[in-house]
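Asks: model the structure of this input:
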Amino acid sequence: MKKIERFLSSDYYIAFTMLITVIAWSFYKETPPYLFNYYNSIGIIVLVSLVALSLMLFKNTLYTIPPILGILIVVNKSNMDLSTATQGGFIYYAFSIFVLGLVIYMIRFRPKLKIGIFFIGFLAIALSYVMPLLFIPFDVTNIPTSLIAFLYLILYVLFSSTAKSNLNYLFKILLFLNLAFTAQVFIYLYRGYLQNPDLEFYYRIFSGWNRNLGWANINDMCFYIGLTFPGYIYFIFKRPKTYLIWFLMIFPIAAVILSKSRGGMLGFAVLVILSLLFFALKGNKKHLTHGLVFLVILAVLSYIGREIYYIWWDYFKQTWSSDIDEFSTFRITIYKVGLRNFLEYPIFGAGWASLQKEFPGSRLFMYHSTLVQSLAAMGIFGFVALLVHYFQVFKYMLRNITLEKYLFLIGYLASQAHGLIDNVQYAVPYSIMIVIILAVFETSDMKTSFEELHNKFHLLKD
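Replies: Have a look, this model is predicted:
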C-alpha cells in the first residue's frame, strides 16, 4: 500500500494519467456504430477506474484529482448534446464504477464533511443556476444544465473535507495538464498540416482540421493554457538551476500563437505581462539571467519563423471589419439577446437554455461573456452570487500572500480577462478546475515552500 501511495504521489502517476488522456483524445474520428467516440469511452472508463481504485484504497482523495481532470478533456466529439454520451451505454458503466468507489470510500473511511472557506460562494452560484427554473416556462433542457453547479458544490465539499493536500502536487498537476493541453493543440495543427499537402509550409501549419477540439474550441484551449501556465513558473522558482522547464515553456507559447485565436491572444497578453512583472519584482539574479536568455532564444525563434507573424497579421486584417458585430463573430448580437433576456427576467434570469431558443442547434450555446452570461441566464441574483465567489477567492488569495498564491492569481486573472469576451467562468471544465484548485489551496498542510527576503522569493531549506 505504501508503494502504491508513493506512486500516486509521484510525477509518474500524473504524467501517466495525462498520457492516457491525450492518447484517448487523439482518436478524433467517429467509430460506428457508436455515436460517441469509442476510444474516448475506453479512456474515460480507465480514468474513472483510477478514481474509483484511489477512493477504495486511500482516505486521501488528493490522488483522484489527476484522472478527474483527465476525464474533463478526453472527449473529442464536436457538437455534443445531452444525448451524445448515452449512445453507447458506456456512460452508465463509468458512472457505476465511480459510484461504487465513492460508496466504498464513505463506508470504509466515514469522512466528516465540513463547510469550507469557499462554500458560501459555491452555494450561491449553485442556487443561481436553479432559481430561474421557478420563473421561466418549463423546458427539460434547463434541468441538467441548471443542476451542474450542485456538482461543483458537492466536489468542493468532498475535496475540502477529505483531501490531505500538497501545493507542490497541485503545481505538478498544473504543469502536466498544461503539457496535455499543448499536446492537443499540436496534434490538432499536425492533422491540418497532413490534410493540406499543396499549401506552403507555414500555411499548412495554420490550416487546421477543425476549429473544434471536441471538448472545447481553440479559443477555450488558450485560456486553459493560461490558467495552468503558472505551473512552469513555480518549478522555475523551485529549481532555479533548471533549463528543462524554460525549454518546455516554449511549447505552450507557440501553441497560443499558432492557434490564431484573437480572444486567446488577449488573455495570453495579460498572462505574459503579469508573468514578466512577477519575474522582475520577485525573481532573484538566477531567474532574471535565465529569463533574459529565454527571451533572447524566443526572439531568435520568432525571427526564424517570422512568416508565422505575417500570416497571423494578414488573418487579422482579413477578419477586421468596421462592423464590430461581424469582427467579434456576432458577439454584439449575442449580447443584445442577453440584455433582452435579462430585462425580461431581471431578478433570476432567463435560464441556461435561453440562448438556445434564439440560436437552435445541436449544442448548448452560451453568451460569450462572464458578465452577460451571469445577468442573462441568472439575473441580478446570479451576478451577486458571482461577486460573492470572487470576493471569497481574492480575500483568501490576497491575505498572507505567498508565491503560490501569486502564481494562481496570474493564471486566474489571465483566464478571467479572456472571460470578458468568451465563456470561461461557467465552462464545466474550468469550473471544476477552479473548485479543485481552491480546495487544494485550502487543505494544504504546508501553505508555501518559499520565503520572501528583501522582496524576493527563495526556496525554503529542508
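Asks: contacts and neighbour counts: CA atoms only from here.
Replies: Fine.
Asks: other SSEs contacting the worst-scoring helix or strand of the chain on mean pLDDT?
Replies: Within the chain, judged by mean pLDDT, DSSP states H and E, the helix or strand with the poorest mean is helix 324-327; its value is a mean of 73. With contacts defined as 3 or more CA pairs under 8 Å, 6 or more residues apart in numbering; DSSP states H and E, the packing partners of helix 324-327 are helix 331-344.
Asks: which positions in the following helix or strand past the helix it packs on come out as buried?
Replies: On the C-terminal side of helix 331-344, the closest following helix or strand by DSSP states H and E is helix 354-358. Along helix 354-358, these residues count as buried under the neighbour rule (16 or more other CA atoms under 10 Å): 354-355.
Asks: got a list of contacts for helix 354-358?
Replies: Where contact means CA atoms under 8 Å, 6 or more residues apart in numbering, the residues beyond helix 354-358 that reach it are 337-338, 341, 364-367, 377.
Asks: from those, pick the one nearest Ala52.
Replies: Ala52 has its nearest neighbour among the contacts of helix 354-358 in Leu364, at 29.8 Å by CA to CA.
Asks: pLDDT score for the closest one?
Replies: Leu364 is assigned a pLDDT of 66 by the prediction.
Asks: equivalent analysis for Gly382, please.
Replies: 95.
Asks: could you double-check that it sits in contact with Ala126?
Replies: No - counting by CA atoms under 8 Å, Gly382 stays clear of Ala126, with 9.2 Å between them.
Asks: output the one helix or strand Phe206 maps to as PDB, nothing but the C-alphas.
Replies: When secondary structure is defined using DSSP H and E, the element that contains Phe206 is helix 201-207. Extracted as PDB, the C-alpha positions of helix 201-207 are listed here (Å, rounded to 0.1, in the frame of the first residue of the first chain):
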ATOM      1  CA  PHE A 201       4.800  25.000 -45.000                       C
ATOM      2  CA  TYR A 202       3.500  27.800 -42.700                       C
ATOM      3  CA  TYR A 203       0.100  27.900 -44.300                       C
ATOM      4  CA  ARG A 204      -0.100  24.100 -43.800                       C
ATOM      5  CA  ILE A 205       0.500  24.600 -40.100                       C
ATOM      6  CA  PHE A 206      -2.300  27.200 -39.800                       C
ATOM      7  CA  SER A 207      -4.800  25.300 -41.900                       C
END
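Asks: list the contacts of the least confident helix or strand of the chain.
Replies: Residues external to helix 324-327 that are found in contact with it (CA under 8 Å, 6+ apart): 319-321, 331-333.
Asks: report the buried members of these.
Replies: With burial judged by 16+ other CA under 10 Å, the buried subset of the contacts of helix 324-327 is 331-332.
Asks: CSV please, covering the contacts of helix 324-327 and showing pLDDT and distance to Phe176.
Replies: Conversion of these to CSV gives the following (pLDDT from 0 to 100; distance: CA to CA, whole Å):
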residue, pLDDT, distance to Phe176
Thr319, 71, 34
Trp320, 72, 36
Ser321, 67, 39
Arg331, 83, 33
Ile332, 88, 36
Thr333, 86, 38
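Asks: so how far is Phe450 from the residue sitting furthest away from the middle of the chain?
Replies: Taking CA atoms, centre = their mean as the measure, the residue most remote from the mean C-alpha position of the chain is Asp198, 35.3 Å away. Relative to Phe450, Asp198 is positioned 53 Å away (criterion: CA to CA, to the nearest Å).
Asks: any idea of the mean pLDDT in the helix or strand Gln416 falls within?
Replies: Using DSSP H and E, the secondary-structure element containing Gln416 is helix 403-418. In this model, helix 403-418 carries a mean pLDDT of 96.
Asks: any idea which helix or strand comes after it?
Replies: The first helix or strand that comes after helix 403-418 along the chain, using DSSP H and E, is helix 428-443.
Asks: who are the packing partners of that following helix?
Replies: Of the remaining helices and strands, those touching helix 428-443 by 3+ CA pairs under 8 Å, 6+ apart are helix 65-73, helix 142-162, helix 167-195.
Asks: hey, which of those is tucked in deepest?
Replies: Mean neighbours per residue, mean count of other CA atoms under 10 Å, is largest over these for helix 65-73, with a mean of 22.
Asks: what helices or strands is it leaning on?
Replies: Contact partners of helix 65-73 among helices and strands, from 3+ CA pairs under 8 Å, 6+ apart: helix 11-26, helix 38-57, helix 428-443.
Asks: got a list of contacts for that helix?
Replies: Contacting residues not belonging to helix 65-73 are listed as 14, 17-18, 21, 25, 43-44, 47-48, 50-51, 173, 215, 429, 433, 436 [CA under 8 Å, 6+ apart].
Asks: what do you get if the cut-off is 7 Å, keeping everything else the same?
Replies: Counting by CA atoms under 7 Å, 6 or more residues apart in numbering, the neighbours of helix 65-73 from elsewhere in the structure are 14, 17-18, 21, 44, 47-48, 50-51, 173, 215, 429.
Asks: stretch 222-229 now?
Replies: By CA under 7 Å, 6+ apart, the residues outside stretch 222-229 that reach it are 174-175, 178, 181, 252, 256, 264, 267-268, 271, 411-412, 414-415, 418.
Asks: for that stretch, list every residue counted as buried.
Replies: Applying a neighbour-count criterion of 16+ other CA under 10 Å, the buried positions in stretch 222-229 are 222-229.
Asks: check stretch 100-114 too.
Replies: By neighbour count, with 16+ other CA under 10 Å as the criterion, the buried positions of stretch 100-114 are 101-102, 104-105.
Asks: could these go into CSV alongside distance to Gln425?
Replies: Supplementary listing: the buried residues of stretch 100-114 in CSV, determined by distance: CA to CA, whole Å:
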residue, distance to Gln425
Gly101, 29
Leu102, 28
Ile104, 33
Tyr105, 31
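Asks: picking up where we left off before, which one (most neighbours) among the contacts of helix 354-358?
Replies: Among the contacts of helix 354-358, Ala377 has the most neighbours (other CA atoms under 10 Å), with 29 neighbours.
Asks: what about that residue, distance to Leu8?
Replies: Using CA to CA, one gets 40 Å for the distance from Ala377 to Leu8.
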